[in-house]
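1. Just the structure for this:
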Amino acid sequence: MKMNIPNQLTMLRMVLVPAFIACLIYIENPFVCGIVTAVIFAITAFTDMLDGKIARKYNLITNFGKFMDSVADKFMMFSAMLGLTAKFGVYAHLKDFNLNAYILFHVLLWSTVIMFLRELGVTSIRLVCAGTDVGVIPANYFGKLKTVFQMVSVVVVLLEYAINEGDKLGGFNTYYIGSYVSLTVMVFMTVASGINYIKIYGKYIDTNK
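-> Residues are numbered from 1 along each chain as shown. Below is the predicted model:
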């Protein structure tokens, strides 16, 4: 099956996710782990922006691309959030109890739950609309903005992990303030964009059929 460049970038994004998770799990040094995974995730996120720009500029938009772009985003974000939640859940209890990591673990956990429920609801709407005249629903501006905030929050968490736990900056500690702020904004955008999808496409859901 021959794919155009935007679709190839979308598939590359899905291939990079296992590499990200492997580094997150198996690199033990916090500083190296945080920096390497942040770089890999940033590259992965960049392909998301690049495939859309190329597709629109050269009129390479396809139903496959619209569908798989959304799937790749979810694959990337769910893997990252679940990986980070597991990472901090374990890290908080290694050696001496780490209160900062313990608190962030719970913030990540509930952020992931909210993100999962939102994506499950929106995906259900997409599936229903796919069988109507609406067809495949592309990600709208609000949805793309939500994805940007989700990606930024992951990078911020990884960088603060490198700074706080890597002990490379003379004991400097951010106490994960940046992570809390970015995750809070991410959750707000996740919920708001979900409500936006329901407002636009909820009318196409017929409970009598």
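2. which regions of this protein sit below the pLDDT cut-off?
-> Applying pLDDT under 70 to the chain flags the ranges 1, 95-96, 130-140, 167-171, 204-209.
3. ok, 90 please
-> Within the chain, the ranges that satisfy pLDDT under 90 run 1-11, 14, 28, 48-75, 89-101, 119-147, 164-175, 193-209.
4. which residue is nearest the middle of it?
-> M77 (2.4 Å; Cα atoms, centre = their mean).
5. which stretch of helix or strand covers the residue lying closest to that residue once chain neighbours are set aside?
-> Excluding the flanking residues, the one nearest M77 by Cβ to Cβ, 6 or more residues apart in numbering is Q150, at 5.2 Å. No exception for glycine: its C-beta is placed from N, CA and C like everyone else's. Taking DSSP states H and E as the definition, Q150 sits inside helix 141-166.
6. Quick one: list the elements packing against the helix or strand just after that helix.
-> Using DSSP H and E, the helix or strand that follows helix 141-166 towards the C-terminus is helix 177-201. With contacts taken as 3 or more Cβ pairs under 8 Å, 6 or more residues apart in numbering; DSSP states H and E, helix 177-201 sits against helix 99-130, helix 141-166.
7. Go through those and name the closest to I40.
-> Evaluated with Cβ to Cβ, these place helix 141-166 nearest to I40, the distance being 9.4 Å.
8. Can you give me every residue that contacts the closest residue in space to V154 that isn't next to it in sequence?
-> Setting aside the residues directly before and after it, V154 is nearest to A80 in space (Cβ to Cβ, 6+ apart), at 4.7 Å. The contact partners of A80, taken as Cβ atoms under 8 Å, 6 or more residues apart in numbering, are 17, 20, 41, 154.
9. Among the residues you listed, which ones are in strands?
-> Judged by DSSP state E, strands contain none of these.
10. Next step: these restricted to helices.
-> 17, 20, 41, 154 (DSSP state H).
11. for the third one, what are its contacts?
-> Right, the one you point to is F41. Per Cβ under 8 Å, 6+ apart, neighbours of F41: 20, 80, 151, 154-155, 158.
12. hmm, try it at 6 Å
-> 20, 154 (Cβ atoms under 6 Å, 6 or more residues apart in numbering).
13. And for the second one?
-> Under the criterion of Cβ under 6 Å, 6+ apart, the contact list for F20 reads 37, 40-41.
14. swap in the first one?
-> Residues near V17 by Cβ under 6 Å, 6+ apart: 75-76, 79.
15. Looking at those residues, which is nearest T62?
-> F75 (18.6 Å).
16. just to revisit the earlier point, got CSV for the contacts of A80, with distance to R118 too?
-> Shown next, in CSV, are the contacts of A80 (distance: Cβ to Cβ, whole Å):
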residue, distance to R118
V17, 19
F20, 22
F41, 20
V154, 16
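17. Quick check, the residue nearest to M77 in contact with F78.
-> No. Q150 sits out of contact with F78 when judged by Cβ atoms under 6 Å, with a separation of 10.1 Å.
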